[in-house]
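Student: 3D model of this:
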Amino acid sequence: MTTVRPALVMAALLLAVGLAVMPGCRSVEEAPRVSPDALVVEENLGPAPDFALVDLDGKTVSLSDFKGRAVILNFCALSADPCVRETPHFVELYEAHRDAGLVVIGVSVGDTPDATRAFVAEHSVDYPILQGDESAVRGIAEAYGGVSIIPTTFLIDADHQIARRLVGYHDKATFESSLPDILPPSSDSTS
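Tutor: So this is what the prediction gives:
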């Protein structure tokens, strides 16, 4: 007759206990996946920090240039699918609401000027896309509380208070439903 070693008994016991509690756990394959389009919204984040970057013509553009206007500030890598899908929303919103006091500003993250110019032409982007070196863009992103997911969009009201921070892809209706909260009070957002 063989004797069973205490260590072997303890290992078998731990295995049995582990298997008993496993039904509540799921394997990685079964775990729910976070959609790349997961939506994160934060509201009322305080004053929007001023910044300055250059547009594709080399002109310096700063947030303070748009005093009294609502701003959609979008940090995006123009080669990223969610950014490509959001761009038509911003083009349409800017076209429909610029006379009501809306400005859209894109901040290109990691794109070359040539790639950005090609993107602007291909997608008929008529709002400013700003660029800067990596440290300048990172500094602005940090001033806004950090941008760890692309796209990240800030909805800034006419008093330059950050009304909303939207992380990930959002559809046009989401942005449009926020316009009454950020457009200047005297503006008619249906124009």
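
Student: Spell out the residue ranges of the helices in this structure.
Tutor: For the chain, the helices defined by DSSP state H cover 6-21, 81-97, 113-122, 134-143, 172-182.

Student: For the residue positioned nearest the centre of the chain, give me its contacts.
Tutor: Nearest to the mean C-alpha position of the chain, counting by Cα atoms, centre = their mean, stands Thr152 at 1.2 Å. Residues near Thr152 by Cβ atoms under 8 Å, 6 or more residues apart in numbering: 74-75, 141, 165-168. Any C-beta I mention is one placed from the backbone N, CA and C, and that applies to glycine too.

Student: Now stretch 73-84: average pLDDT?
Tutor: What stretch 73-84 shows for mean pLDDT is 94.

Student: then that stretch to PDB, C-alphas only?
Tutor: The C-alpha trace of stretch 73-84 is given here as PDB (Å, rounded to 0.1, in the frame of the first residue of the first chain):
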ATOM      1  CA  LEU A  73     -11.900  70.300 -29.600                       C
ATOM      2  CA  ASN A  74     -11.100  66.900 -31.000                       C
ATOM      3  CA  PHE A  75      -7.800  65.000 -30.300                       C
ATOM      4  CA  CYS A  76      -7.400  62.500 -33.100                       C
ATOM      5  CA  ALA A  77      -5.000  60.300 -35.100                       C
ATOM      6  CA  LEU A  78      -6.300  60.700 -38.600                       C
ATOM      7  CA  SER A  79      -5.400  57.200 -39.500                       C
ATOM      8  CA  ALA A  80      -7.400  55.700 -36.700                       C
ATOM      9  CA  ASP A  81     -10.800  54.200 -37.800                       C
ATOM     10  CA  PRO A  82     -12.900  55.900 -35.000                       C
ATOM     11  CA  CYS A  83     -11.400  59.300 -36.000                       C
ATOM     12  CA  VAL A  84     -12.100  58.700 -39.700                       C
END
